[in-house]
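Chemist: okay, sequence plus prediction incoming.
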Amino acid sequence: MYKQGFDLVEYLHERITEFEAIRGITPQALILSPAAFTWLISVYSEEQKYYGVSPIDMRTWTYQTGNASVRIVIDEMARDFQAKIL
């Protein structure tokens with residue numbers, strides 16, 4: 001039996017899109033656990049290397065959604081791979 005794994009990138013895109021659709025505004029912050037942030041940096045560094053783009057801007061600590069820039073905040077108390085959209 002095939003067991004689907006958790007895809008943090010897909011989860012973030014879905015939650016951000018859902019947030020914008022329900023509230024009609026862009027999220028103010030993306031709250032990430034240290035593990036989630038580290039994993040995203042790893043994934044997006046590969047995209048940067050191969051495609052020349054990454055939605056994470058380390059200079060400004062923002063996540064580019066396509067519609068806007070959302071501030072990244074690290075929550076040291078969050079569980080592994082936890083992410084919240086505010």
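Modeler: That came in fine, so what should we check first? Numbering: from 1, shown residues only.

Chemist: okay, strands next: where are they in this protein?
Modeler: All strands of the chain, identified by DSSP state E, fall at 29-32, 56-57, 62-64, 69-74, 83-85.

Chemist: ok, and the closest non-adjacent residue to the residue nearest in space to the middle of the chain?
Modeler: Note on the chain: the residue nearest the mean C-alpha position is L12, at 5.0 Å, using CA atoms, centre = their mean. Excluding its sequence neighbours, the residue lying closest to L12 (CB to CB, 6 or more residues apart in numbering) is A83, at 6.1 Å. C-betas here are computed from N, CA, C, even on glycine.

Chemist: verify the stated contact: that neighbour with P34.
Modeler: No - between A83 and P34 there is no contact under CB atoms under 8 Å: 11.6 Å.

Chemist: max-length helix in the chain?
Modeler: helix 34-51 (DSSP state H).

Chemist: report the buried residues of that helix.
Modeler: Neighbour-count burial for helix 34-51, counted by 16 or more other CB atoms under 10 Å, picks out 36-37, 39-40, 44.

Chemist: distance between it and the chain's centre?
Modeler: Between the centre of helix 34-51 and the centre of its chain there are 10 Å (CA atoms, centre = their mean, to the nearest Å).

Chemist: nearest to D7, of the strands of the chain?
Modeler: D7 lies closest, by CB to CB, to one member of these: strand 83-85, at 11.7 Å.
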